[in-house]
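Student: when you get a sec, could you give me coordinates for this:
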Amino acid sequence: MNTARPTRRTRAGLTLILFAVAALLYTAPPRSSVAAAGDSISATYLDGTLRVSVPYDESVARSRSLRVEVLSPDDKLVAEATKPVAPACVTGPWDVSVSLSPKMPLEDLVWHRARIGTKMVSLSEILRLPVVRVLAQRTYAAGARASLRVVAAESKTGDPLRDSRIKLELVNGETAFGLFEGKTDALGTAEVAFTVPPASFGPRTLRVTAETPLGPVTAH
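Tutor: Below is the predicted model:
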């Protein structure tokens, strides 16, 4: 992109935007049923509900009941749920929802454990979480055309999160100006093109919000 050489005063007004791997802020359940990866247990969490996906286990099926318990770090029972199960020709995963009341922040929940049938697992090991990475320049000129790339993926496997809704905003204090809205492709990637507002002199921050199949995540 060719631009006129800025004067010293204009150069000082170039918009400075620093990027890093997104910090995880929230997570949410998938909009459709998600199987546990391979033979492993997985879980998602939103608004006080933990949804656990458990691979088929014949011994559990014979017992006709799958019990999921959430335990605090000191092994106190926090919440539980029981799902009727039975032997079946289709051996897909079972999905069990456990309501936590009162709602627990994600940063507290990850220290808890889950007893799933006869197995004990750490929630930090089975929670499926979305992450977003932003690849961009360090500086942009006010009024110029610009672009960046957003990549949305699952935190543990790196699997792309396709059809994630991407929103790009230019933030100045309490004010946010929308620059782009779109979706990620089959590779979990969105090529974002936008125009920096002409009056955007001085430091600004780009905020990327991704509404993924595993929930929302924000990068600054």
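Student: list the buried residues in stretch 88-100.
Tutor: Under the neighbour-count criterion of 16 or more other C-beta atoms under 10 Å, stretch 88-100 has Pro93, Trp94, Asp95, Val96, Val98, Leu100 buried. No exception for glycine: its C-beta is placed from N, CA and C like everyone else's.
Student: next step: the residues you listed restricted to strands.
Tutor: Assignment to strands by DSSP state E places the following of those there: Trp94, Asp95, Val96, Val98.
Student: what is the burial count for Phe177?
Tutor: 14 (other C-beta atoms under 10 Å).
Student: please begin residue numbering at 847 from this point
Tutor: In the new count, where the first residue is 847, that last one comes out as Phe1023.
Student: what does the model give it for pLDDT?
Tutor: On the pLDDT scale, Phe1023 is placed at 94.
Student: rewinding a little: and the ones in strands among the buried residues of stretch 934-946 as CSV, adding pLDDT?
Tutor: As requested, those are arranged in CSV below (pLDDT from 0 to 100):
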residue, pLDDT
Trp940, 92
Asp941, 93
Val942, 95
Val944, 96
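Student: in CSV, list those residues along with distance to Asp1009.
Tutor: Shown next, in CSV, are those (distance: C-beta to C-beta, whole Å):
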residue, distance to Asp1009
Trp940, 26
Asp941, 21
Val942, 26
Val944, 27
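Student: between those residues, which is closest to Arg1011?
Tutor: The closest of these to Arg1011 turns out to be Asp941 (C-beta to C-beta; 23.9 Å).
Student: flag the shaky bits of the chain, pLDDT-wise.
Tutor: By pLDDT under 70, the low-scoring segments of the chain are 847-885, 935-936.
Student: and the residue nearest the centre of it?
Tutor: Pro976 (2.4 Å; C-alpha atoms, centre = their mean).
Student: and that residue, how close does it get to Arg1011?
Tutor: The gap separating Pro976 from Arg1011 is 12 Å, by C-beta to C-beta, to the nearest Å.
Student: brilliant, that's me finished.
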